[in-house]
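*Asks:* Got a predicted model here, sequence first, then my questions.
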Amino acid sequence: MNGVDLAQKLATFSEHYRPRTVGQFNGHDLMVAKVKGPFVWHRHEDTDDFFLVLKGRIRIELRDGNVELGPGELYVVPKGVEHRPVADDEAHILLIERSGTPNTGDAATAAPRVVI
């Protein structure tokens, strides 16, 4: 049995806003992603959205204010709340979402699920 080396997993890809699943937990995907620039405004009607910053800084923009996060900081966007992550410079994040949750809130525009 081996642990998961998140830095090693992140080193295997360069695309932004294309999460990679690195494990599963009680029906949820544990994912890493590289982010840079703004993502699309979206919401998840049936699930919260968990963000943990591993490297760099991100801003979670909400319609009524922003949440600034640095390494080791996390934020959970409540279900149904419109938001978008933004990173001025490349940042690395860990996401936890129910398996099958589209990253854009819409299955038609979501990044495909990729397991590494």
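*Replies:* Nice, I can see it. Numbering: from 1, shown residues only.

*Asks:* Show me what the host helix or strand of R84 is packed up against.
*Replies:* For R84, the element it lies in under DSSP states H and E is strand 83-98. In this structure, strand 83-98 makes packing contacts with helix 6-10, strand 28-38, strand 49-55, strand 58-62, judged by 3 or more CB pairs under 8 Å, 6 or more residues apart in numbering; DSSP states H and E. For the C-beta atoms, the positions are set from N, CA and C on the backbone; glycine is no exception.

*Asks:* in stretch 74-90, what counts as buried?
*Replies:* Y75, V77, H83, R84, P85, V86, A87 (16 or more other CB atoms under 10 Å).

*Asks:* Residues contacting that stretch, please?
*Replies:* 16, 34-53, 56-63, 67, 69, 93 (CB atoms under 8 Å, 6 or more residues apart in numbering).

*Asks:* Just the buried subset of those, please.
*Replies:* Using 16+ other CB under 10 Å, the buried members of these are 34-35, 39, 42-44, 47, 49-53, 56, 58-62, 67, 69, 93.

*Asks:* Mind telling me which residue is nearest the centre of this structure?
*Replies:* Among the residues of the chain, the one closest to the centroid is L95, at 4.1 Å (CA atoms, centre = their mean).

*Asks:* Show the model's pLDDT score for that residue.
*Replies:* pLDDT recorded at L95 is 95.

*Asks:* do V115 as well
*Replies:* For V115, the predicted pLDDT is 81.

*Asks:* before we move on, what about G80?
*Replies:* 94.

*Asks:* now the one 3 residues further on
*Replies:* What the model reports as pLDDT for H83 is 96.

*Asks:* before we move on, back to that, can you redo the buried residues of stretch 74-90 as JSON lines with distance to P112?
*Replies:* JSON lines is the format used below for these (distance: CB to CB, whole Å):
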{"residue": "Y75", "distance to P112": "25"}
{"residue": "V77", "distance to P112": "22"}
{"residue": "H83", "distance to P112": "22"}
{"residue": "R84", "distance to P112": "20"}
{"residue": "P85", "distance to P112": "19"}
{"residue": "V86", "distance to P112": "23"}
{"residue": "A87", "distance to P112": "21"}
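
*Asks:* just those residues now: which is nearest T109?
*Replies:* Using CB to CB, R84 comes nearest to T109 of the buried residues of stretch 74-90, at 13.4 Å.
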